[in-house]
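> need coordinates for the following:
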Amino acid sequence: MNIIRIEHLDHPGLADYARLTDVVLRRISEPAGGLYIAESSKVIARALAAGHRPRSVLLQEQWLAEMTPLFEAYENLDVFVGSAELLETLTGFNLHRGALASMHRPRLATVPEIIAGARRIVILEDIMDHTNVGAIFRAVAGIGADAVLISPRCADPLYRRSVRVSMGTVLQVPWTRLPEWQEAGPLLKDAGFHIMALALSDTAVTLDEFAAAPPERLAIVLGAEGDGLSRAALSVADTIVTIPMKHGVDSLNVAAASAVALYQLR
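Residues are numbered from 1 along each chain as shown. Next up is the predicted model:
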């Protein structure tokens, strides 16, 4: 690796980290052959363990010794090292976790590749909040499901905030994008999945009832807060399931609901 100590921000290799605002990252998210940003030593280590290839690294000086072993195998990797103040000027936020890495995005797998052999999968329909996406991936990894499928309009799991909130588990859990429901529904059912929609409905069964005898292969569909699941998603569902609530509360945050459902169906 090449350790480059910076005192100015004119090095062309720093462009990946310049002003990492929501607007900038959404503009460059998921381009063909694109990049994503991994933040913190733990997340970067998980990205490397998953086989993702680093393009460069940005560190505060005090993190260099601890993180050097992670990068020794990458002969031509540029590792930029600078002060906390200089790095905040570059990125636009306080780099309190001490490290960022610009990572090459891996090839996105096909749906058949992702669901082959899976028994429990989670589907995220149009969930645009990156924090919720990251939290759901963490629940999937920690409580138990085999994969995540996301709708065409769902937020990017490799967006910096999603990766951070997930504690890097978005780099461990197999995932890919699902086509629209008219194609996705038959694809999942042909693979033997029972589609369970978590939603409010007069025809819903309770999670307790459903979990008493769950199907062998199960796809759990979660929708955005407020709008909930689309009519298309509900139309392909084999069963609509609801979490029983008290005190006039009708629903949970979608990430919390995912954790409850996964735990009950574990």
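> for the rest of this, base every contact and every neighbour count on C-alpha atoms.
Fine.
> the stretch 101-250 of the chain: strands as residue ranges?
With DSSP state E, counting those that start in this stretch, the ranges of strands along the stretch 101-250 of the chain come out as 120-125, 147-150, 175-177, 194-198, 205-206, 218-223, 239-242.
> check for me that residue 70 belongs to a helix.
Yes - assessed with DSSP: H, G, I helix; E, B strand; the rest coil, residue 70 lies in a helix.
> now the strands of the stretch 101-250 of the chain in JSON lines, with mean pLDDT?
Listed next are the strands of the stretch 101-250 of the chain as JSON lines, based on pLDDT from 0 to 100:
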{"stretch": "strand 120-125", "mean pLDDT": "98"}
{"stretch": "strand 147-150", "mean pLDDT": "98"}
{"stretch": "strand 175-177", "mean pLDDT": "96"}
{"stretch": "strand 194-198", "mean pLDDT": "97"}
{"stretch": "strand 205-206", "mean pLDDT": "95"}
{"stretch": "strand 218-223", "mean pLDDT": "97"}
{"stretch": "strand 239-242", "mean pLDDT": "96"}
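> redo those as CSV? Include distance to residue 169 and mean neighbour count.
Listed next are these as CSV, based on distance: least, CA to CA, whole Å; neighbours: other CA atoms under 10 Å:
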stretch, distance to residue 169, mean neighbour count
strand 120-125, 14, 24
strand 147-150, 11, 24
strand 175-177, 11, 23
strand 194-198, 23, 24
strand 205-206, 29, 16
strand 218-223, 18, 24
strand 239-242, 26, 23
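> dump these to CSV, plus distance to residue 97.
Shown next, in CSV, are the strands of the stretch 101-250 of the chain (distance: least, CA to CA, whole Å):
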stretch, distance to residue 97
strand 120-125, 29
strand 147-150, 27
strand 175-177, 26
strand 194-198, 36
strand 205-206, 42
strand 218-223, 31
strand 239-242, 38
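> so which of those strands gets nearest residue 11?
strand 175-177 (34.5 Å; CA to CA).
> what pairs with the closest one, parallel or antiparallel?
For strand 175-177, the paired strands and their directions (DSSP bridges) are strand 147-150 (parallel).
> residue contacts, residue 247?
By CA atoms under 8 Å, 6 or more residues apart in numbering, residue 247 lies in contact with nothing.
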